[in-house]
Structures are given as structure tokens and as C-alpha cells.
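Visitor: below: sequence and its predicted model.
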Amino acid sequence: MTPTSEQRPQKATPLVLHVIPTATARGAQREARALASALDVPGVRHHRLMSLFAGPDQVPVDLALAHPGGDRPAQGFDPRLVVRLGVALRRSRPTVVVAHGGDPLKYLVPALTGARTPLAYYATGTFEHARSPARVALWRTLLRRASVVAAEGDEVLEQCRRLFRVPESRSLLAPNGRDPAEFHPAERPAGAVGGEETAPVLAFVGALTTGKRPDRFVEVVAALRRRGLDLRAFMCGDGPLAASMAGSAMAAGVDMLGSRDDVAEVLRGADAFVFPSLPTGEGMPGVLIEAGMSGLPVVATAVPGVRTIVEDGVGGFVVDVTDLDAMVDATARLVSSSTLRAVMGDAGRARCVERFSLEAVAACWLSFLEPLVERGLSLRRGRSGPSSRRGPGA
């Protein structure tokens, strides 16, 4: 008797589990959510998002371990989380696991001890710790467990290969990406009401940390006001500097919006974007892609990944990290000319849509994840064969 479709055993759909540190609405976490959703194909492959630490539920996740982590979960190492993560992995039985950033990686590697599950590591920034021989050796060990190391920027990829000795056969470039249908320009310029121009709006979006330098943004706005320029300004984000900056932000006329989960809408309320970050930890700033797709000209410091996104003098201005005067001058040019803002904003959007659309990035991810899925399925069946051929980094 031939079994009916109801009687036949159903083939399990492969699960790719993407792991992020928290569900806060920061660039890397929002990118991971968008990517998992774009790659998910019901009945073909499941892509699910897991967060490790407790925090604001600003990014939708499919599984939250909610481990206590406070405001700085990346600091230190908590063995209890390894145990909880190991239990969650055994229950969900992923075919492939993806660590989005170094914090998930340092917990996933020990949690996967004894398992043969393929692990992909998405390196989202340059190494920001003191380069002691012991620390570098530790990260080299962690990266050896990864079947694939995907770097979001050229500088990150070069560092993975040079500093951490990841061979080219296991490393590749996987650019940051965003959905241009979500991040798009406003129907009218933010500074135009009833056909009349009002004061242009400057935006800062990012964590309020020393590395992102929100205080430099406040300095820029204050300097522009001293020049007599009419403008409005806001900062969107939260972090350890929020309380200490409140006074200086108020004095400079900068509105502090706090953390928001509607970043795309926030950006549509601006006319230009200022990115004053320091180099450490940057790889390919996703917020610049978001600003570019939103039609905002940008003024950005020359940190890793910026010149890949922003063509200096075309979609905005790239200035030296230490040159406050250059940042003020470039921002003043944008504040003073609605025509320049429009031309640069259009150019920036065209570049970002062409190079960093979520569709293009998803295709890149599939190119190295699909071989890992095949390998994971073969390992689960306990045999090797044509379907277990390793792709890049396997």
C-alpha cells in the first residue's frame, strides 16, 4: 500500500538560528532582524532570531533567553549563560548557527562544545579591545570554531585575516544592508511646510557612547548656532552618556529623543545626517546606509567602512576624525543650501540602493549559508556525500 501524503513522514525544514546580544534597536540588531526575515522561506528554510540578554524589547525576536545583563552585557563573561544557551540550542536543534558580533560568538563557541553544528560568525566591527597577546590568542581560538567568518567591511575582513589569521578560504565580505522600501525619503523635505522652507533639521542616530561621540554632534550644533545659522537638531539613541549630556544638549538646542524603534520614520524627519564616530569598533556603519537610503546627505568621520558608503563630495562629506572645524564647515554648507542637500541626498540614495539593498545582501548571505545548511543536514544524517561539500569557510 502506498502511504498517503498525511502518512508520509514530513521532511524537517532546516533551521538557521541568528543570535544577537540584546533586542535593543541598534543598527546591528535591526540588520539581523531584517536579514533573518528576508532569508526565511516557509517550508524551505527557517531563519529565526534569538537574543541573549534582557533589555528593551525594541527588535522583534523569535526566542529571548532574557539573561540578566544590565546596560553593558558585552562586559565580562557569565558561565551561567553558556548553560542556558546550550539547553536552548539542544531544544531548537538548529542546522546552522550565526553569531552576529563578538558577544554572541564568545557564548556560542563554548555552548556548542561537543556539537558539530556549523557556526558562521558575522564580524560587525573592528577589534576594539587592547591587543594583548593573550586576548588576541583567545579570539583566534574562538574564530577557529567558525566555519565561515563574514566581515561587513573591507577593514574588518583585513583585520580578521591579518590579526586573527582566518584563512581566505574561510572568510569573505558580506556588506551591511537595509531595505530601501523601509528607509526612503520623506514626501517633502523635513524643513518645508506649506511650500515654505523652515529651519533645516540635523540628525544624530546612534548609541550615546564615547565611541559614537554624540558630544561632538552637540559641539557641531553649538558652533553652527554661534555662526548665526538657523537650524534644528535632534539625537536619537540611548546609552551611558545620556544623563551627563542632557545639560549641554539643552544649551545647544539639541532635542534628545531617547531610544526609538521607528528609526526609519525618525530619519524622514531630518534634512541632513551627522556621523561623528571614532574608528574603534566600526566596520560598515549601517546607520549611514539608512541615512543614505532616506535621502539625507551626510557629514561623516573617516572611520572604517564610511568611504565605501559615502562618496566624498557626492553623497556628503567625509572629514578627518580629529578635525572639528572641517566637520562644522561641511555641516554648515549643507545647512546653508537646500539645493546642495537635495542633490547630495539623491546621489546618496542612488548609491546605497544600488550597493546595499537588503535583496543584494541576502543573496550574498545565501551564497555561504546554503552550503553550511547542506553540511549541517549531512552531519545530522551521520553521513557525508555530494551534499556535504563545503562552501566558503566550511
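Guide: Nice, I can see it.
Visitor: next, M50: secondary structure please.
Guide: Three-state call for M50 (DSSP: H, G, I helix; E, B strand; the rest coil): strand.
Visitor: and it, what does it touch?
Guide: L17, H18, V19, I20, V61, D62, L63, A64, L65, A88 (CB atoms under 8 Å, 6 or more residues apart in numbering). Every C-beta, even on glycine, is put in place using the N, C-alpha and C of the backbone.
Visitor: again, 7 Å this time
Guide: L17, H18, V19, V61, D62, L63, L65 (CB atoms under 7 Å, 6 or more residues apart in numbering).
Visitor: for G305, what are its contacts?
Guide: When contacts are counted by CB under 7 Å, 6+ apart, G305 touches G153, E155, E282, G283, M284, P285.
Visitor: switch the cut-off to 10 Å
Guide: G305 sits next to 125-126, 152-156, 175-176, 279, 282-286, 288-289 when contact means CB atoms under 10 Å, 6 or more residues apart in numbering.
Visitor: ok, of those, which come out buried?
Guide: Buried members of the contacts of G305, scored by 16 or more other CB atoms under 10 Å, are 125-126, 152-156, 175-176, 279, 282-286, 288-289.
Visitor: in helices only, show me the residues you listed.
Guide: Taking DSSP state H, the ones among those that sit in helices are D154, E155, V156, G286, L288, I289.
Visitor: let me see the domain layout of the chain.
Guide: 15-177+358-388, 192-356 (automatic domain parsing).
Visitor: need these in CSV with distance to P185 and mean pLDDT, can you?
Guide: Conversion of the domains of the chain to CSV gives the following (distance: least, CB to CB, whole Å; pLDDT from 0 to 100):
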stretch, distance to P185, mean pLDDT
domain 15-177+358-388, 17, 90
domain 192-356, 3, 94
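Visitor: reformat those as CSV; add distance to A186.
Guide: Listed next are the domains of the chain as CSV, based on distance: least, CB to CB, whole Å:
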stretch, distance to A186
domain 15-177+358-388, 20
domain 192-356, 4
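Visitor: wait, which of the ones you listed is closest to F183?
Guide: F183 lies closest to domain 192-356 among those, at 3.8 Å (CB to CB).
Visitor: okay, buried residues for the helix or strand encompassing A251 please.
Guide: If you go by DSSP states H and E, A251 is part of helix 242-252. For helix 242-252, burial by neighbour count (16+ other CB under 10 Å) applies to A242, M245, A249, A252.
Visitor: just stretch 336-347 next, same as before
Guide: S336, R341, M344, G345, A347.
Visitor: give me the residues contacting it.
Guide: If you take CB under 10 Å, 6+ apart as the criterion, stretch 336-347 is touched by 185, 189-192, 197, 200, 224, 227, 229-231, 271-273, 291-292, 294-298, 310-311, 313-317, 333-335.
Visitor: buried stuff in the host helix or strand of L89?
Guide: Under the criterion of DSSP H and E, L89 resides in helix 79-92. Of all the residues in helix 79-92, those buried under the rule 16+ other CB under 10 Å are L81, V82, R84, L85, G86, A88, L89.
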